[in-house]
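In: from the sequence below, what's the structure:
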Amino acid sequence: MRVVIAEDNALLPEGLVLLLTSAGHEVVAVVGTGPEVLPALLEHRPDAAVLDVRMPPGFRDEGLRAALEARARIPGLPVLVLSQYVEESYAAELLTGGASGLGCLLKDRVGRVDEFLDALERVAAGGTALDPEVVTELLTRRRGSPLDSLTPREREVLVLMAEGHDNATIAETLVVTERAVHKHIGDIFPKLGLPPSDSGHRRVLAVLTYLNNQWLQAPGDLCLRARRRVVAGRARVAEP
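Out: Residues are numbered from 1 along each chain as shown. Sure thing, here's the model as predicted:
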């Protein structure tokens, strides 16, 4: 995989280069300022880009702006954003054009190398990788939504779907059978008004359709419980 890294921190890029090359990937460019990002992406057209949000000279949203512009010029360009903080407005804007090939991780919460590599490879393959904290912030940004028609269990399934998990992982996380997960998913789509589709991204679309329209809402305690299950190393207790 050919990767472009955009990060202004003096040490992090070197660590990322070592990590990626050790995993068999090729880092074709490393840039440290916002104005350098877009030219590097257009020149190298990488298989994936790893970008910081806030970069010089303004330290506002230079990395995000470059990512949006690059995806406009190179449709489907896989982008994994690394952020220091939960910035739901940035994540929502990045996801406005669709979730395919997009990821948003919090730097301080990437606990293992294999987690980062898995997220990057998933994004490069056209999937989605969202930190549970980011998902929680996105889901709680609005009150009163079609999510009100979902049961608590369906909302938990929806949160995990938005994080890019497959049926088997969702079943493991919630301590239920895959058959039960399949049934919940089958009930979620019509409740959200989503027509049948063969798209491999239906799970994420169930969430992002409403993020794009700023309608999503889910109880904070529910999202928190789902997030804790993911973060707590898969140590869970089954619920009725």
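In: wait, residue 169 sits on residue 163?
Out: No: between residue 169 and residue 163 there is no contact under C-beta atoms under 8 Å: 9.1 Å. To be clear about C-beta, it is placed using only N, CA and C from the backbone, and glycine gets the same treatment.
In: what is the residue sitting nearest the centre point of the chain paired to in the beta sheet?
Out: By C-alpha atoms, centre = their mean, the chain has its centre lying nearest to residue 130, at 2.4 Å. Legend: beta-bridge partners of residue 130 under DSSP bridges are residue 104.
In: which SS state does residue 38 fall under?
Out: Secondary structure assignment for residue 38 (DSSP: H, G, I helix; E, B strand; the rest coil): helix.
In: still on that earlier bit, so for residue 169 and residue 163, which sits in the more crowded spot?
Out: In terms of neighbours (other C-beta atoms under 10 Å), residue 163 is the more surrounded of residue 169 and residue 163; the figures are 23 against 16.
In: the more buried one touches residue 132, doesn't it?
Out: Yes: if you go by C-beta under 8 Å, residue 163 and residue 132 touch, sitting 6.2 Å apart.
In: low pLDDT regions in the protein?
Out: Confidence mapping of the chain against pLDDT under 70 gives the ranges 85-99, 135-146, 195-205, 207-240.
In: at 90 what do you get?
Out: Residue ranges of the chain with pLDDT under 90: 8-13, 53-55, 57-69, 71-72, 75-76, 81-113, 115, 126-166, 184-240.
In: which residue ranges of it form helices?
Out: 12-22, 34-44, 62-73, 88-95, 113-124, 132-139, 152-162, 167-174, 178-191, 202-212, 220-231 (DSSP state H).
In: got JSON lines for these, with distance to residue 51 too?
Out: Formatted as JSON lines, the helices of the chain follow (distance: least, C-beta to C-beta, whole Å):
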{"stretch": "helix 12-22", "distance to residue 51": "11"}
{"stretch": "helix 34-44", "distance to residue 51": "7"}
{"stretch": "helix 62-73", "distance to residue 51": "4"}
{"stretch": "helix 88-95", "distance to residue 51": "10"}
{"stretch": "helix 113-124", "distance to residue 51": "11"}
{"stretch": "helix 132-139", "distance to residue 51": "15"}
{"stretch": "helix 152-162", "distance to residue 51": "21"}
{"stretch": "helix 167-174", "distance to residue 51": "26"}
{"stretch": "helix 178-191", "distance to residue 51": "31"}
{"stretch": "helix 202-212", "distance to residue 51": "20"}
{"stretch": "helix 220-231", "distance to residue 51": "24"}
